[in-house]
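K.L.:
Generate a structure from the sequence data that follows.
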Amino acid sequence: MAVKKGTTGHTFATQNLKNAKLLCSDKEASAVLEVVQGKADAFIYDQMSTYQNWKKNQAKHSCPAQSFQQEKWGIALRKG
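P.N.:
Residues are numbered from 1 along each chain as shown. Here you go, the predicted model:
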């Protein structure tokens, strides 16, 4: 299972997939490459990024695109 360090996917995998071998990467592209090269069975990440990576590699991989966790997004704007 490939995950990007410090993400909610990493947290989820650590807490819920106790028997999975985790391949933790610092970068999204490295985690995707683990799957593309067959070193990992899956990559847990946010839906949109997962979908975009799947579009680039869809001939060899599938993307269930189902959320396993709800997340909220926030944005900060400069005053004025």
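K.L.:
Mind listing what's buried along stretch 1-15?
P.N.:
1-4, 7, 9-10, 13 (16 or more other CB atoms under 10 Å). Placement of C-beta: from N, CA and C, glycine included.
K.L.:
Quick check: the farthest pair among the residues you listed?
P.N.:
Spatially, the most separated pair among the buried residues of stretch 1-15 is 1 and 7, at 12.6 Å (CB to CB).
K.L.:
How about residue 1, nearest residue that isn't a chain neighbour?
P.N.:
Ranked by CB to CB, 6 or more residues apart in numbering and with sequence neighbours excluded, the top spatial neighbour of residue 1 is residue 20, at 4.4 Å.
K.L.:
Helix or strand: which one has the one you found?
P.N.:
Using DSSP states H and E, residue 20 sits in no helix or strand.
K.L.:
Could you measure from it over to residue 35?
P.N.:
13 Å (CB to CB, to the nearest Å).
K.L.:
Neighbour count: the two, which is higher?
P.N.:
residue 35 (20 against 15; other CB atoms under 10 Å).
K.L.:
Surely the more buried one and residue 2 touch.
P.N.:
Yes - Residue 35 is in contact with residue 2 according to CB atoms under 8 Å; the separation is 5.7 Å.
K.L.:
intersection of neighbour lists for these two?
P.N.:
Residues within reach of residue 35 and of residue 2 at once, by CB atoms under 8 Å, 6 or more residues apart in numbering, are 42-43.
K.L.:
tell me the contacts of the residue lying closest to residue 26 once chain neighbours are set aside?
P.N.:
Among residues not flanking residue 26 along the chain, residue 5 sits closest, at 5.8 Å (CB to CB, 6+ apart). Residue 5 is in contact with 24-26, counting by CB under 8 Å, 6+ apart.
K.L.:
just those residues now: which is nearest residue 80?
P.N.:
Proximity of the contacts of residue 5 to residue 80 (CB to CB) peaks at residue 26, which lies at 35.6 Å.
K.L.:
and the closest one, how many residues sit next to it?
P.N.:
Count around residue 26 with other CB under 10 Å applied: 10.
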